[in-house]
Every structure is written in structure tokens, then in C-alpha cells.
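[1] pasting the structure only:
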């Protein structure tokens, strides 16, 4: 029996034409985890979630442990709608579904909108998990360069026009993280946001906006694309992973009711009443604005430690952005091969994510690396960058 | 903007060729819930799960609240492997993935193995959620009659031979619940199990075995298909929903490592560390054999109440199976239209699931209804059947 012969056509194509990219090696526990996009352990509300779970089960007994029956998943949906309203996004119940994190939201959108006759457009660099998801559904991927102001909309316009002229497949979905992008930490400018929405209208594509970091800004930034969307072209994905805890697996996708209906129909893992209800009780007991203010302050201060250490320890030739929110600093070291260097970094006790993982073509990004200021403590951040600086001095 | 024009080819086809079937109307809260496939509230371990959540977060703090880091999801996997070994199924780590319930396992298998050039075979009657899942991936469905000994393998052999002769698409995947089937409550006989495995070999298809009720037998039954599988043709799905609590969303799929690798690649909701870790702690603290023995005793006794009430209150012409495990009794009332009758049943305070929902063609099954002895209490079961009996007396 040849196992592969049983795979469906699209799985065969996904696995042969576009095999899974190479992934980060395991990071030894002793390493200073500058690779990690996890929230800071001290900022994860484990005690409060413990109390929420206890209170929930005391109050509701078996209700949140069935498929349905607890009122709390509906409460969570209202709480999410309330958060979205603060971001300028107003959605009805049939315009929102709760998902298992933003990743499931991206996967559902890929499944519902992409096929081999369509293309997906992504930023370069892009969130690596999203790249892998889209490659499961279409071999046609457009990688659109981004800079300090985010996705380069004029370059996108030229690329679209060229594809149209050549009769190539046009994108049906463009995926972007306009606020504190992963990995680049950048924010898309207001002008480019307006232009991107125009291009979506002109070239008839949908925008999948991932706003996982949107509430973690240290300064004011333009409103989400979804808040500016007049034509229902934006699907808005979000998550509580970066502001509460990723292990609860709470995300969502908001959009046009017809889209949400189709996404729901293909979401076959059913609801997750226990984790949703625990999260709802936690949110009932929490002043979210105060929590967000504390998170912003804590992460801003950790960012400053990382930036100061980069200034102090990195070679003269290295450069980086100054992110105004989120978790990440994107560093360029001209002449370096950050992928080749990783093994030595890990053995000297510091980790990072090599740039290549964030590009469709893993030959790109060799001079880049992603550092995170979210997970490690301040002293560890400083020590980690010092180790990294020593390695890079020998490299360039 | 025409929302539907953005759907991928296979979504368009799924929604137009095979639109979602009709579903159960909402059941008023006051109804005696004989429709419900939920576990009995008194048998859901809410106190123990509360203690498990507290102990987990006391011991591990933020670890189970990140994407990864808690040792408990790996512990859960070992606990599942131990349970499977009791059922005669021995699988390595790379032959098993934990899913969000058996439903996600079925959906992943459908996604990885089915396309429009393949067929899916199901039992008649079949678990309704599985029907909807398969219809999302292929328009070619084979509905194989089942009786008291489960799926009729000789009829299947004739159907396969006929399809082959006619040049019709043959099934790539056959879905079955051989132990205490939903809805029929039946067990596939040992002889038919052997025959089904032979047919899979002859006609080169895979078997997706759903064993959600396998540990809830009141008598000994033949081993699972997977335990008899010499050729790696069986994918074995299971769940803790029926023996612990569905709200935790813990299921799995075991099979050939190449299959498991592909299924994992298309599982993009990431792991669910919190619910998995809570469940692992609960299982560490629980004597599972004792718990299962207590569940079997409790459900056997509730089954007896349901059967006695059917004997007492249902019209002479009605007939039903005597299930030796699981949650369900499948009742036939010659001449009845159980779908048309439902509204009156609900307004007289009792619910059931009309037979039609369990058939590919919803024109079938009009004389059947599914009753559950799992959720309602004993007095309610008796009262519910009395109400149902009164309605049916007027009907037939």
C-alpha cells in the first residue's frame, strides 16, 4: 500500500509542488529566548485564569463542559464585539465567529477563498505560519515588498497591472498585518491603507487583515483597514493570544455575513465552550483598558532595553527599526547569513529567528533576523544581545 | 460586490451542488431532552476538572497558557496511547495526533483524502455531522445499508462491484462507527469486521473508524477494526467527549505515520495546551477503569429505564433495538412521519431526533427516530416516553 496514493489531489499538489518549508530547529532550554513570540510569563494572568476557571465551574457546574449550554461563549462574543468597537469595527452577531486563535481564522479563510485558479498575496517579509497555510491551498503566491510604512502599495499596483497584462492569475486574497507587523514591527501608513482598499476594489480582491498586535501600540496609529472598509472587502482576524494567553486559543474573524456563514460551515471542530467560558469569566473580572495600558507600558520598557542593547553591542553596520508596539524588532546585518549563524548562536546561548523563514522564497532574508522583546526578561535581553553582538562581530 | 463570487471552486460546488442539509430546530428548554447526545450532567466530572485546572496552574503557572511549554500535552498523548493499548491498538508517537474532538479528526481526514474524483462511503443511517463534513469535500457519496449487525458488508461488496462495472468513482474512504453506532446503537459483528477489512484491501479504500462510544459497552464486543488491521488501512478516531466531557474538545486520530504527518500538516489551529493539560491532570488523578465501570453501570441502568418505558408506552407496531452500550436507541414507528411530528412533540414537552437527519437523502428515515438515554434523568426519560407514546398513538 502506497500511503501517498490516497491523498486528495490538492494535498498531493501541496505536498509535492510546494513542500513544507524548513522550520526553526529546537531551541535548547538554556538559551536566552530572543526568538520567542510568546507573551512575557509575568504578564500572563495565570492566577486570574485559575480563579476564572474555579468561579465558572462553581457557578455553572457541567454547563461549560458540554457541547453547548453555557451562556458564557455568547458573553465572550459580546466582549469581543465591544473590543472591536473600540477599534472602530462594528459587527453584528452574524458578522463574527470565534475561532481557535488567529491561525485557525487564516486557515478557514484560505480554505474558503483560495483554490489553484486563484493567487494569494502576502507581504515580504510575512508571518511564517500564514505562508505555510496559503501554500496548502494555492501554488500562486505574490510576495509584495514592504518597508517602514508597511506593504508597498505602489509596487503592488505595478505587480497587479503586470500580472493582468500577462494574463497571470490575480490574487483573490491579500494577507497583511498592518499594525506592528510580524516580523518587521512596522505600521502601515494611513495613505497606504487608503490606497490598498482602492486597489482591492479595482482588482477585485479581498483583504485578510490580521490585527493580533493592534491593541499593543505605544503610540497612536491609523485605524484598522476594517474600520475604513466601505465595501465589505476586509476580513478582520484577531486574537487574545498576545494580550491574554495563547494557550486559551481564542481568536476570531469578522466580516460580511455571507463570508462568515461560509467560514462557519467549514469550521468543523465545533465550539470550544470550556476555554471560551473561562476567558469570558476572566474578562468579566478584568478592567481591560487598565490591563492593556499595563501591557503597553511593560512591553515599551522591554523594547527600550532591547534597543539600547542593540545600540551598545551590535556591529556598526547593523540596522533595525524602532517599533512603536507589538513584540518584534527586525534587524539587518549586511553580509551576514543569519541562517548559517543560528547553530553557533544557539550553542553560545542565545536564539533568534533567521530572516529566511519569513519569506516565500527561503533564499531571501539571509541578512535579517527577528528579535523579540516580549518573552525574555530585561537582564536576559541585554545579555542575549551581548552574546549576539560577539557572534556578529566575527561575522561581518 | 457579489460575496459568493469569491468562494473557492470547491466551496462553490459544496454550497450549490450539495447545500447543507436541514437541521434540528432549537429545542425549548422546558422539553425533556431525549434528543440530546450529551453525557449525563451528574456524570460530568466538573468538580474534578475544577481541581485539575487549579492544580495545573498552581504547579505550572504560565506554562500551559503559552503555545507550547507545558509537559502535560505530551502526558495526555501517553494517556491516550495507554487507553488505545487496552483496546488492542498500539501506536507510536508519530502514529497519533490529538485533535479538537472526533469531529475535527473526521474533518481532517476528509480534507486530506477526499476530492471530487473520489467517493466517501457511509452507513445508512450515519452520524449526521460526518455526512455534512464529507459533503464539503466530494459530491460522490455511497450510502451503505446497515442492520442489527452493523454495516451490511455483502451489500457493500455488490455495490462496489456494480460501481466498478459501471465505471463509477470508487470510495477512497469508508466511515463507520462499529461500536454502539450513532444513531442505531448497533455493534458490527466480528464476521463483518473481517469482511470489511478484506473489501478495503480488494477495492483499495481506507476505513475511518469512529470509536467514540467504544469504552461504553455493557457487554464484551469484538475488538476495534484498527486492532485487526494488518495493512494500515484503518484510521482510528476517538474522543473523550462521551466518557469525560465534550466541552474539553479532546479527540484523536491514529494511523499510518505518513497519514498522520499529512493530517498534522493540514491541522492549522495549533495545539490546545490549556484544555489538553487540564485533561491530563484530571486523568492523572482518576482511576479510569473505575470511572468507566461506573459510567457503564449508570448508562446501562438508564438504558433499562428507557427500554421499559418504550415497552409500556409505545404503540404495538413500534420496534427498536436493544443497545449493549453507547447512548442511543433507534426506534421505528411504521407509518409515522417523525419529521412532521417533531413540532408537536416539542410543544408537548419532549424532544427526539427525527430519523431523516441520519440519512444522506433526507427523504429516508421518516419512520425512525433517535432517542438518547444518556442526558435526561430516569424519571424524565419515563415521562418523556409517555408523552411520545401519546403522540404516536394518534399517529399510527
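    Arrived safely, thanks for sending. Here the structure is a predicted model, which means the values were calculated and not measured.
[2] which ones are touching residue A:194?
    By Cβ atoms under 8 Å, 6 or more residues apart in numbering or on different chains, the contact set of residue A:194 is residue A:228. All C-beta atoms are positioned from the backbone trio N, CA, C, and that covers glycine.
[3] same question for the helix or strand encompassing it, mean pLDDT?
    Per DSSP states H and E: residue A:194 is located in helix A:190-202. Helix A:190-202 comes out with an average pLDDT of 98.
[4] Run the chain-centre distance for that helix.
    21 Å (Cα atoms, centre = their mean, to the nearest Å).
[5] Show me which positions of that helix end up buried.
    A:192, A:193, A:195, A:196, A:197, A:199, A:200 (16 or more other Cβ atoms under 10 Å in any protein chain shown).
[6] swap in stretch A:291-309?
    A:291, A:292, A:295, A:296, A:299, A:300, A:302, A:303, A:305, A:306, A:307, A:309.
[7] And the next helix or strand past the helix holding residue A:194?
    Following helix A:190-202 in sequence, per DSSP H and E, is strand A:206-210.
[8] Who are the packing partners of that next one?
    Contacts defined by 3 or more Cβ pairs under 8 Å, 6 or more residues apart in numbering or on different chains; DSSP states H and E place strand A:206-210 against helix A:101-113, strand A:171-176, helix A:190-202, helix A:225-228, strand A:234-239.
[9] and the fourth one, is it in reach of chain B?
    To tie it back to what came earlier, the one meant is helix A:225-228. No - remark: helix A:225-228 sits outside contact range of chain B, by Cβ under 8 Å from any Cβ of the partner chain, the gap being at least 15.1 Å.
[10] same thing with the last one?
    No - figure legend: strand A:234-239 not in contact with chain B (Cβ under 8 Å from any Cβ); closest approach 9.9 Å.
[11] and that strand, average pLDDT?
    pLDDT averaged over strand A:234-239 gives 98.
[12] name the helices or strands packed onto that strand?
    Right, strand A:234-239 is packed against helix A:72-86, helix A:101-113, strand A:206-210, helix A:225-228, strand A:251-254 by 3+ Cβ pairs under 8 Å, 6+ apart.
[13] Where do the strands of the stretch 1-150 of chain A begin and end?
    For the stretch 1-150 of chain A, applying DSSP state E, counting those that start in this stretch gives strands covering A:32-33, A:96-99, A:119-124, A:140-147, A:150-151.
[14] Setting the sequence-adjacent residues aside, check what's closest to residue A:258.
    residue B:3 (3.6 Å; Cβ to Cβ, 6 or more residues apart in numbering or on different chains).
[15] ah, wrong one, I meant residue A:163
    residue A:170 (5.8 Å).
[16] which residues sit in contact with that neighbour?
    A:118, A:119, A:160, A:163, A:164, A:203, A:204, A:205.
[17] residue contacts, the third one?
    Contacts here follow Cβ under 8 Å, 6+ apart; on that basis residue A:160 touches A:170, A:171, A:199, A:203.
[18] so which helix or strand takes in it?
    helix A:153-166.
[19] so that helix versus strand A:171-176, what angle?
    Orientation of helix A:153-166 against strand A:171-176 (axes from the mean of the first three to the mean of the last three Cα atoms, to 10 degrees) gives an angle of 160 degrees.
[20] hang on, the earlier thing: dump the helices and strands packed on strand A:234-239 to a markdown table, plus distance to residue B:188.
    Formatted as a markdown table, the helices and strands packed on strand A:234-239 follow (distance: least, Cβ to Cβ, whole Å):
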| stretch | distance to residue B:188 |
| --- | --- |
| helix A:72-86 | 36 |
| helix A:101-113 | 33 |
| strand A:206-210 | 44 |
| helix A:225-228 | 50 |
| strand A:251-254 | 39 |
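[21] Quick check: which of those is nearest to residue B:333?
    With Cβ to Cβ, the closest approach to residue B:333 among the helices and strands packed on strand A:234-239 belongs to helix A:72-86: 36.0 Å.
[22] For that closest one, which residues meet the burial criterion?
    Here helix A:72-86 shows A:72, A:73, A:75, A:76, A:77, A:79, A:80, A:81, A:83, A:84 as buried, counting by 16+ other Cβ under 10 Å.
[23] ok, those residues vs chain B, which is closest?
    residue A:73 (9.8 Å; Cβ to the nearest Cβ).
[24] Could you pull out the helices in the stretch 201-350 of chain A for me?
    A:225-228, A:257-265, A:273-284, A:288-313, A:338-347 (DSSP state H, counting those that start in this stretch).
[25] ok, now how distant is residue A:252 from residue A:95?
    From residue A:252 over to residue A:95 the distance is 10 Å, taken as Cβ to Cβ, to the nearest Å.
[26] Which residue of these two possesses the greater neighbour count?
    residue A:252 (24 against 21; other Cβ atoms under 10 Å in any protein chain shown).
[27] how about the helices and strands packed on strand A:206-210, which one is nearest residue B:331?
    helix A:101-113 (37.6 Å).
[28] what comes up buried for the closest one?
    For helix A:101-113, using 16+ other Cβ under 10 Å, the buried residues are A:101-113.
[29] So which of these would count as near chain B as well?
    A:101, A:103, A:104, A:106, A:107, A:111, A:112, A:113.
[30] Just give the number of residues close to residue A:162.
    Neighbours of residue A:162 using other Cβ under 10 Å come to 10.
[31] Quickly note the distance from it to chain B.
    Distance of residue A:162 to chain B, computed by Cβ to the nearest Cβ, to the nearest Å: 23 Å.
[32] In contact with that residue, which residues?
    Taking Cβ under 8 Å, 6+ apart, one finds residue A:168 in contact with residue A:162.
[33] 6 Å instead?
    If you count contacts by Cβ atoms under 6 Å, 6 or more residues apart in numbering or on different chains, residue A:162 has none.
[34] sorry, back to before: can you list the helices of the stretch 201-350 of chain A in CSV and add distance to residue B:388?
    Putting those into CSV (distance: least, Cβ to Cβ, whole Å) gives the following:
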stretch, distance to residue B:388
helix A:225-228, 49
helix A:257-265, 32
helix A:273-284, 29
helix A:288-313, 48
helix A:338-347, 67
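[35] got those as a markdown table, with mean pLDDT columns?
    Listed next are these as a markdown table, based on pLDDT from 0 to 100:
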| stretch | mean pLDDT |
| --- | --- |
| helix A:225-228 | 98 |
| helix A:257-265 | 94 |
| helix A:273-284 | 98 |
| helix A:288-313 | 98 |
| helix A:338-347 | 96 |
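[36] Residue A:243 is nearest to which of those helices?
    Using Cβ to Cβ, the helices of the stretch 201-350 of chain A put helix A:288-313 closest to residue A:243, at 6.3 Å.
[37] quick one, that closest one and helix A:72-86 angle?
    Using the same axes, to 10 degrees: helix A:288-313 against helix A:72-86 is 60 degrees.
[38] where does chain A dip in pLDDT?
    The model of chain A has pLDDT under 70 over residues A:17-21, A:396.
[39] what about residue A:282, distance to residue A:263?
    Distance from residue A:282 to residue A:263, by Cβ to Cβ: 26 Å.
[40] same thing with residue A:273?
    Distance from residue A:273 to residue A:263, by Cβ to Cβ: 19 Å.
[41] Looking only at neighbour counts, state which of the two leads.
    residue A:273 (25 against 22).
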